[in-house]
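Engineer: I would like to see how this sequence folds:
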Amino acid sequence: MASTVARLDDGLGRCVAIEVVGYQFPDIHDERWDANWLIVQLDVSDGTRRWSRRDPAILTFELESLVDGLKSLAARESTQFRWHGLEPCLAIDAETHGARHDLRVRLAHEFAPPDVDPINDPAIVEFGLDEGAVVAFADALNGYLVAFPIRT
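Structural biologist: Predicted structure coming up:
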């Protein structure tokens, strides 16, 4: 398992920590969809609320796409990046403005805070990050692909 939790943190009370804890179906290896669902532990603070969730929420190949997009953004190969998986519970939008990368993490459905309508009132947690923070987040996420590679 990866040893570093993938974390976005502004140092001012907003934090999104993503940890992949395993495959949803560890014994299935030969079916593209079921073999690749990952269980995600999510810990969030949006500056006023804190919540945690655990859910099979992302596919290995979706995680690979997220890592690739973040690395491209950090390397300035692109100035905008939009990512979401098949499950609507997690989405990330990013734009580059000079030396700063603005990331918006959207948390809905299974990852929404407990005090909102999880479908119609998603939580948005925003971060202004430097290149190093984006690379560190992407590298930590990539560690989960090493621990839980894409299967068939």
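
Engineer: and residue 116, what is it in contact with?
Structural biologist: 122-123 (CB atoms under 8 Å, 6 or more residues apart in numbering). C-beta: built from backbone N, CA, C; applies to glycine.

Engineer: how about the secondary structure of it?
Structural biologist: At residue 116 the chain is in coil, as set by DSSP: H, G, I helix; E, B strand; the rest coil.

Engineer: and it, how far from residue 122?
Structural biologist: 8 Å (CB to CB, to the nearest Å).

Engineer: and residue 91, by the same measure?
Structural biologist: Counting by CB to CB - residue 91 and residue 122 are separated by 8 Å.

Engineer: got phi/psi on the residue of the chain positioned farthest from its centre?
Structural biologist: Most distant residue from the mean C-alpha position of the chain: residue 30, 25.4 Å away (CA atoms, centre = their mean). The phi/psi pair for residue 30 (degrees, to the nearest 10) reads phi -120, psi 20.

Engineer: how near is it to residue 36?
Structural biologist: 11 Å.

Engineer: on that earlier part again, pLDDT value on the residue farthest from the centre of the chain, please?
Structural biologist: Note for residue 30: predicted pLDDT of 91.

Engineer: number of residues surrounding the residue nearest to it when sequence neighbours are not counted?
Structural biologist: Distance criterion CB to CB, 6 or more residues apart in numbering; nearest residue to residue 30, sequence neighbours excluded, is residue 152 at 5.6 Å. Per other CB atoms under 10 Å, the neighbour tally for residue 152 reads 9.

Engineer: check residue 137 too.
Structural biologist: Residue 137: 26 neighbours (other CB under 10 Å).

Engineer: contact partners of the helix or strand it falls within?
Structural biologist: Per DSSP states H and E, residue 137 falls inside helix 131-147. Residues outside helix 131-147 that contact it (CB under 8 Å, 6+ apart) are 1-8, 18-20, 38, 60, 63-64, 66-67, 70-71, 73-74, 94, 99, 101, 103, 127, 129.
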